[in-house]
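K.L.:
using only what follows, build the 3D model:
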Amino acid sequence: MTTATIPFPQAPSILPSFNLRTTLLTLVAVVLVAAILLAPLGLPAQASITLAVFAVAVWLWIVSPIPDTFVALGATCVLVIVGVISVEDMFAPLGDDTTWLLIGAFIVSAALSASGLAPRITAWLCADITSPRVLLHLITLALVVTAFMVPATSGRAALVLPIFLAIAAALPKKHQWYAVALSVIMPSVVLLSAVASFIGAGAHLITNQMLAEAGFSPFSFASWMLYGLPYALVASHISAEIMLLSMSTREQRSTPLELNQAEFAPHAPFSVKEIRCIAVLCTAVVLWCTESLHGLPPALVAIVAALVITSPQVGGVDLNKAIKKVPWSLLLFMAATVAIATALQTSGAAQALAEALFSQIPNSDFGSDSGSGTSTQGRQVVLFVGMVVLLSTLAHLVIQSRSARSAVLIPLVIAVAPAMGVNPVAAAFISTAAAGFCHTLPSSAKPLAVFYSEDGEHPSFTPKQLLKVSLLIMPVHVLTLMGFALWIWPAMGLSIHL
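P.N.:
Numbers count the residues shown, from 1 in each chain. Predicted coordinates for the structure are as follows:
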């Protein structure tokens with residue numbers, strides 16, 4: 001008689017499992033910490049600790065699959081535990097008015113998305129238009145305007161994707177080249193035009209909060225629009241034209257489009273809900289732009305607009321459903337990165353890191369607020385601005401998150417700008433605008449990922465086409481931004497000099 005052997009179940013391990021990649025990431029992080037803490041840098045203890053925590057956070061943002069928000073919150077907790085910043089410094093950004101501005105704006109955008117305005121916008125844009133170039137620039141202009149309607153580039157991409165799909169479905173087979181071109185042009189314009197509005201990207205709010213924490217005057221909604229909107233219009237239309245030329249032939253561009261209008265929304269009058277949503281949005285934007293006249297903070301305007309548009313009388317969307325659309329992860333990331341920036345500035349780590357990065361600029365003098373002469377200072381300013389533009393433009397190759405790029409770059413730019421004779425507020429704005437370029441790979445930005453279709457579900461660009469477009473528009477992006485930074489914005493009141 002045989003006796004059955006019943007295997008004894010093993011107790012589950014309470015220890016985390018580590019694969020090779022996790023082990024390597026951990027080892028590199030440990031080496032980074034050891035190298036910074038043990039190196040003879042001559043820094044105070046708090047500055048060395050902050051620099052080590054910041055280096056590990058950047059490393060994990062670049063190569064780790066760990067969510068950016070998790071890394072930022074973890075780094076902030078470490079800084080609080082070791083005493084670099086206080087608990088109040090950690091939690092203060094969550095109560096900042098810019099955080100509440102973004103919350104209100106996202107609730108309003110949720111109501112707009114639920115109202116069904118996108119098909120109507122499509123029909124209005126395409127009505128009686130046969131020229132590929134004319135339609136392209138009308139779409140580009142409309143995309144710039146959406147920067148004032150929907151916060152964050154990923155939200156705008158989700159809003160305009162139905163418009164792209166409707167246009168692609170309305171195009172006959174011989175015009176599918178146009179749909180492919182739009183698949184890369186529309187998300188690219190969404191990225192480049194975000195700088196038009198203060199709520200156009202989460203990175204803008206991070207920049208503003210970091211300026212305020214460093215003791216500089218932050219931007220208002222109106223002042224950001226004053227400088228950002230002209231650049232967004234110029235950069236978006238120039239880039240759209242270049243992309244159209246690179247993705248089509250002269251014969252294709254000269255052939256009139258044949259759009260099947262039946263694919264678009266029916267020509268019915270606007271519903272009461274749509275009219276109310278438009279009215280609330282327009283009123284909010286006007287109040288944001290005229291803060292100096294009435295004194296109502298933009299955050300209060302956003303919250304009131306959110307309450308109005310979600311009220312039963314207006315009925316744009318239910319408040320509970322709209323709140324679920326708010327990207328709480330982004331808000332937590334913003335708060336954590338502002339706390340990290342506070343630690344970098346107060347500990348002296350930002351100054352030390354900035355000196356190491358920018359010390360190669362000829363005639364730089366980090367011990368004073370200006371150069372030794374007018375010509376020397378002018379040369380330093382141009383070189384510094386050029387380096388900021390290039391670093392901010394190329395940063396997307398290693399840090400995919402736009403907000404994370406600003407979290408890394410803005411504290412350094414603010415720290416070193418005065419020593420180069422550059423206005424820190426202008427330098428921060430230039431860096432933020434430059435970081436809007438992230439067109440190299442489909443994974444480089446969420447709007448590109450939204451429009452990219454690998455399985456052919458809808459007309460889409462290929463990675464090779466995107467890389468070609470990126471190489472063409474990057475020099476134009478850099479030169480256009482340099483022109484605005486050195487001549488146009490100073491003429492408008494944003495001086496590049498201290």
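
K.L.:
for the helix or strand hosting Arg253, the averaged confidence score.
P.N.:
Element membership for Arg253 (DSSP states H and E) is helix 250-254. Mean pLDDT, helix 250-254: 92.

K.L.:
in that helix, what's buried?
P.N.:
Neighbour counts using 16 or more other Cβ atoms under 10 Å place Arg253 of helix 250-254 among the buried residues. In this view, the C-beta of every residue, glycine as well, is placed from N, C-alpha and C.

K.L.:
contacting residues for Met299?
P.N.:
Rather than Met, residue 299 is Ala. Asp97, Thr98, Thr99, Trp100, Leu101, Gly104 (Cβ atoms under 8 Å, 6 or more residues apart in numbering).

K.L.:
let me know the closest of the residues you listed to Val78.
P.N.:
Thr99 (22.3 Å; Cβ to Cβ).

K.L.:
and the gap between that closest one and Ala419?
P.N.:
31 Å (Cβ to Cβ, to the nearest Å).

K.L.:
what about the two, which has more around it?
P.N.:
Set Thr99 next to Ala419 and count neighbours by other Cβ atoms under 10 Å: Ala419 wins out with 23 against 20.

K.L.:
hmm, back to that, summarise which helices and strands the helix or strand following the helix holding Arg253 is packed against.
P.N.:
Where DSSP H and E defines the elements, the next helix or strand beyond helix 250-254 is helix 272-289. With contacts taken as 3 or more Cβ pairs under 8 Å, 6 or more residues apart in numbering; DSSP states H and E, helix 272-289 sits against helix 97-114, helix 117-126, helix 221-246, helix 298-309.

K.L.:
switch to 7 Å and redo it
P.N.:
On a contact count with 3 or more Cβ pairs under 7 Å, 6 or more residues apart in numbering; DSSP states H and E, helix 272-289 meets helix 97-114, helix 221-246, helix 298-309.

K.L.:
buried stuff in the second one?
P.N.:
Spelled out, it's helix 221-246. 221, 223-229, 231-232, 234-244.

K.L.:
check the shortest one too.
P.N.:
Neighbour-count burial for helix 298-309 flags Pro298, Ala299, Leu300, Val301, Ala302, Ile303, Val304, Ala305, Ala306, Val308, Ile309 (criterion: 16+ other Cβ under 10 Å).

K.L.:
can I assume the fourth one is in contact with Thr283?
P.N.:
No: with contacts counted by Cβ atoms under 7 Å, Val301 stays clear of Thr283, the gap being 8.6 Å.

K.L.:
could you list which residues are in contact with Ala37?
P.N.:
Let me fix one detail, which is that residue 37 is Leu and not Ala. Leu37 sits next to Ser48, Ala52 when contact means Cβ atoms under 7 Å, 6 or more residues apart in numbering.

K.L.:
now the helix or strand containing Glu88 - C-alpha only, CSV.
P.N.:
Assigned by DSSP H and E, Glu88 falls within helix 87-91. Output of helix 87-91 as CSV, limited to C-alpha atoms (Å, rounded to 0.1, in the frame of the first residue of the first chain):
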residue,chain,number,x,y,z
VAL,A,87,7.3,68.7,7.2
GLU,A,88,5.7,72.0,6.5
ASP,A,89,8.0,72.5,3.5
MET,A,90,6.9,69.2,2.2
PHE,A,91,3.1,69.8,2.5
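
K.L.:
pLDDT of it, averaged?
P.N.:
The model assigns helix 87-91 a mean pLDDT of 91.

K.L.:
same for that helix, what does it pack against?
P.N.:
helix 68-81, helix 328-347.

K.L.:
ok, of those, where does mean pLDDT dip lowest?
P.N.:
What stands lowest among the helices and strands packed on helix 87-91, in mean pLDDT terms, is helix 328-347, with a mean of 87.

K.L.:
now what about the following helix or strand past that one, what contacts it?
P.N.:
For helix 328-347, the following helix or strand on the C-terminal side (DSSP H and E) is helix 349-358. By Cβ under 7 Å, 6+ apart, the residues outside helix 349-358 that reach it are 41, 43, 47, 50-51, 54, 344, 364, 366, 384, 387, 411-412, 415-416.

K.L.:
mind redoing it with 6 Å?
P.N.:
Leu43, Ala47, Thr50, Leu51, Leu344, Phe366, Pro411, Leu412, Ala415, Val416 (Cβ atoms under 6 Å, 6 or more residues apart in numbering).

K.L.:
from the residues you listed, which two are the most distant?
P.N.:
Pairwise over the contacts of helix 349-358, using Cβ to Cβ, the maximum falls at Thr50 and Phe366, 18.6 Å.

K.L.:
of those two, who's got more company?
P.N.:
Thr50 (31 against 15).

K.L.:
please, which helix or strand holds that one?
P.N.:
Counting by DSSP H and E, Thr50 is found in helix 45-63.

K.L.:
determine the angle, from 0 to 180 degrees, between that helix and helix 68-81.
P.N.:
Interaxial angle, helix 45-63 versus helix 68-81 (axes from the mean of the first three to the mean of the last three Cα atoms, to 10 degrees): 170 degrees.

K.L.:
which strands and helices sit next to helix 45-63?
P.N.:
Contacts defined by 3 or more Cβ pairs under 6 Å, 6 or more residues apart in numbering; DSSP states H and E place helix 45-63 against helix 20-38, helix 68-81, helix 328-347, helix 349-358.

K.L.:
now with 8 Å, please.
P.N.:
helix 20-38, helix 68-81, helix 328-347, helix 349-358, helix 402-416.

K.L.:
show me what the second one is in contact with.
P.N.:
Yep, that's helix 68-81 we're talking about. 49-50, 53-54, 56-57, 60-61, 64, 85-87, 89-90, 329-330, 332-333, 336-337, 339-340, 343, 401, 403-404, 407.

K.L.:
quick one, that helix and helix 402-416 angle?
P.N.:
Using the same axes, to 10 degrees: helix 68-81 against helix 402-416 is 40 degrees.

K.L.:
what comes up buried for helix 68-81?
P.N.:
Asp68, Thr69, Val71, Ala72, Leu73, Gly74, Ala75, Thr76, Val78, Leu79, Val80.

K.L.:
and for the third one, nearest residue in space, chain neighbours not counted?
P.N.:
Spatially, and ignoring its direct neighbours in sequence, Val71 is nearest to Leu60 (4.6 Å; Cβ to Cβ, 6 or more residues apart in numbering).

K.L.:
wait, doesn't the one you found sit right on Phe54?
P.N.:
No: Leu60 lies out of contact with Phe54 (Cβ atoms under 8 Å); the separation is 10.9 Å.

K.L.:
so which of the two has more stuff around it?
P.N.:
Phe54 (25 against 21).

K.L.:
kindly provide the distance from that one to Ala45.
P.N.:
15 Å.
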